[in-house]
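> please work out how this folds:
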Amino acid sequence: MIRSLTDNLGTLALALVLAIFVWFVAIQETNPIDEQPYREPVRVVMLNMPVGTVLTDAAGAVLSDPPNESIEVVVRGPRQVLAELQPSNFEAIVDLSTVPLGGADVPVVVTVDNPLVSIVQQDVESVRIHLEQFRSRSLPITLSIVGEPALGHIAGEPVMETQTVTLEGPASRVDPVQEAQARLSIEGAREAVEEAVAVRLTDARGRLVTGLEAYPTQILVRVPVSKSDEYAELFVTVNITGTTAPGYRLVDYSVEPQRVTIFGPPEAVAALPGFVSTSVVDVSGADTDLVQRVGLQVPEKVTLIGDQTVLVILDVEPILTSLTVPWKPTVQGPDSGLAATISPETVSVSLVGPLALMESFDPETDLSLTLNLYGIEPGSYQLLPAAFSNVAGVEIEGVLPSALLVEIYPLAMATPAPVVTGTATLTSTLTPGLPSTPAPTPVQ
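Prediction:
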């Protein structure tokens with residue numbers, strides 16, 4: 001039997017080869033070998049960065065990722081295997097272990113963890129890497145106080161939250177820094193100024209240096225500000241005398257500036273009442289607003305700082321009074337062939353205006369109160385009379401009642417009656433009138 005197997009060994013080997021060939025052909029038919037771009041870019045990873053170095057671009061700015069963050073590859077392998085590949089199956093590595101300080105081209109090595117797949121092409125073969133020496137140093141902060149506090153105030157010694165700043169970054173950015181500056185304005189301050197201000201890094205020529213980390217980036221600075229014993233701010237009061245023109249009154253006044261600064265011995269300044277008066281401002285006979293520039297009554301031993309005068313503005317207005325007039329409206333209409341009755345016959349007209357105008361107001365010539373009935377069909381209506389003042393400055397506040405009951409009917413229905421001027425039954429324009437006018441009443 002052994003001899004029989006030995007005689008047939010060649011046949012068996014040939015059969016095995018034929019079987020493998022048939023299997024391979026079958027596999028090729030169902031899962032052929034393809035070559036195609038992978039559907040997603042492969043992320044590039046940097047490894048083995050030398051200790052004490054930092055990655056930068058050509059200008060020295062720090063980079064957290066390689067210049068090319070990802071690359072595209074073409075792969076070869078069975079079609080089904082390629083379809084199942086995931087991004088995690090790939091690695092694109094840039095090895096920095098042998099990169100010298102400065103610039104160098106470093107190859108990008110792409111691998112895939114499936115033995116049936118090979119990388120046949122990649123769009124980036126190498127990347128330009130710049131490595132610089134990492135530098136860290138501390139620098140004192142120079143504080144600049146700009147501006148002056150308000151007049152009569154004194155600035156004390158500034159207090160900084162910290163005195164130094166720590167710089168970290170590539171040597172090309174850290175080494176040129178010569179000064180760390182902080183700047184705070186106290187211009188016009190009347191009380192302590194406290195503010196978080198930025199720390200600026202400058203080189204020997206005063207130019208701003210960026211591209212590195214500074215800790216802290218801003219600091220809290222406080223500058224105490226207090227009043228000087230030799231200065232004081234006083235409010236300005238206006239010394240007014242006289243009486244406005246009859247029928248007018250002083251409503252209000254204002255002064256610019258509202259406060260002034262004086263200088264003098266501390267004991268004289270401390271004795272001041274807190275205000276200073278203007279020279280006398282006379283409003284006698286005033287019937288309009290007044291604008292005057294006047295001096296100040298400065299106490300002895302002290303000196304006024306700045307402008308020696310102030311601007312005073314006085315608001316003078318007419319005194320308003322009210323007047324109520326009982327009056328009959330002038331009826332216009334109605335149309336031909338119609339008659340009308342109005343109820344009530346007399347209304348109360350309320351007027352308001354300056355006292356001088358109201359004292360001479362004559363309703364006969366200065367008041368217009370009309371009721372227009374033209375174009376209105378027979379019937380009952382509530383109509384509003386039109387009231388106007390013919391004197392500028394005197395206004396109509398209201399008419400009571402505001403609406404009159406009007407009955408319009410054909411003239412044939414009217415009961416004959418004598419025509420009386422000023423009555424409520426009219427067929428033509430009436431002339432109003434009253435025997436006397438009540439005295440005006442001042443507005444409270």
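> beta partners of Phe235?
In this entry, Phe235 is beta-bridged to Arg259, Phe275, by DSSP bridges.
> who does the helix or strand that contains Ile313 touch, helix- and strand-wise?
Per DSSP states H and E, Ile313 falls inside strand 309-318. Helices and strands touching strand 309-318, by 3 or more C-beta pairs under 8 Å, 6 or more residues apart in numbering; DSSP states H and E, are strand 231-241, strand 248-256, strand 275-282, strand 290-295. Placement of C-beta: from N, CA and C, glycine included.
> how about a cut-off of 7 Å?
strand 248-256, strand 275-282, strand 290-295 (3 or more C-beta pairs under 7 Å, 6 or more residues apart in numbering; DSSP states H and E).
> pipe the ones you listed into JSON lines and attach mean pLDDT, mean neighbour count and distance to Val316 per row.
Converted to JSON lines, these look like this (pLDDT from 0 to 100; neighbours: other C-beta atoms under 10 Å; distance: least, C-beta to C-beta, whole Å):
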{"stretch": "strand 248-256", "mean pLDDT": "90", "mean neighbour count": "14", "distance to Val316": "6"}
{"stretch": "strand 275-282", "mean pLDDT": "92", "mean neighbour count": "15", "distance to Val316": "12"}
{"stretch": "strand 290-295", "mean pLDDT": "93", "mean neighbour count": "14", "distance to Val316": "7"}
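> now those strands in TSV, with distance to Thr241?
Shown next, in TSV, are the helices and strands packed on strand 309-318 (distance: least, C-beta to C-beta, whole Å):
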stretch	distance to Thr241
strand 248-256	11
strand 275-282	5
strand 290-295	12
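> can you give the strand pairings for the strand or helix carrying Leu323, parallel or anti for each?
Per DSSP H and E, Leu323 falls inside strand 320-327. Partners of strand 320-327 in the sheet, by DSSP bridges, are strand 347-354 (antiparallel), strand 441-442 (antiparallel).
> most neighbours per residue, which of the ones you listed?
Highest mean neighbour count among the strands paired with strand 320-327 (mean count of other C-beta atoms under 10 Å): strand 347-354, with a mean of 20.
> if you count neighbours, what's buried in the next helix or strand after that one?
Using DSSP H and E, the helix or strand that follows strand 347-354 towards the C-terminus is helix 355-359. For helix 355-359, a neighbour-count test (16 or more other C-beta atoms under 10 Å) marks Leu355, Ala356, Leu357, Met358 as buried.
> also stretch 152-167?
Gly152, His153, Ala155, Pro158, Val165, Leu167.
> on that earlier part again, lowest average confidence across the strands paired with strand 320-327, which one?
Comparing mean pLDDT across these, the weakest is strand 441-442, with a mean of 38.
> angles on the backbone of Asn48, please.
Taking degrees, to the nearest 10, you get phi 60, psi 40 for the backbone angles of Asn48.
> who touches it in this structure?
Asn48 sits next to Asp95, Leu96, Ser97 when contact means C-beta atoms under 7 Å, 6 or more residues apart in numbering.
> which of the residues you listed ranks first by neighbour count?
Using other C-beta atoms under 10 Å as the neighbour test, the contacts of Asn48 are led by Leu96, with 18 neighbours.
> now do it, the pLDDT please.
On the pLDDT scale, Leu96 is placed at 92.
> what's the burial count for the nearest residue to it once chain neighbours are set aside?
Excluding its sequence neighbours, the residue lying closest to Leu96 (C-beta to C-beta, 6 or more residues apart in numbering) is Met49, at 4.7 Å. Residues near Met49, counting by other C-beta under 10 Å, number 16.
> likewise for Ala196?
Ala196 has 13 neighbouring residues, counting by other C-beta under 10 Å.
> Thr288 too?
A count of neighbours around Thr288, defined by other C-beta under 10 Å, yields 12.
> tell me, what's the model's pLDDT at Glu191?
Glu191 is given a pLDDT of 93.
> helix/strand/coil for it?
coil (DSSP: H, G, I helix; E, B strand; the rest coil).
> you'd agree it is up against Pro224?
No: between Glu191 and Pro224 there is no contact under C-beta atoms under 7 Å: 8.8 Å.
> between those two, which one's more packed in?
Shown here are Glu191 and Pro224; by other C-beta under 10 Å, Pro224 has more neighbours (16 against 12).
> if Val197 is in a bridge, with which residues?
Note on Val197: beta-bridge partners by DSSP bridges are Ile219.
> again with the one 4 residues further on
On the basis of DSSP bridges, Leu201 is bridged to Ala180.
> ok, it - contacts?
Counting by C-beta under 7 Å, 6+ apart, the residues that Leu201 touches are Val177, Ala180, Leu208, Val209, Ala214.
> wait, the second one sits on Val165?
Looking back up the chat, that one is Ala180. Yes: with contact defined as C-beta under 7 Å, Ala180 counts as touching Val165 (4.6 Å).
> hey, what's in contact with both of these two?
Any residue near both Ala180 and Val165 by C-beta under 7 Å, 6+ apart counts here, and that gives Leu139, Ile141, Val199.
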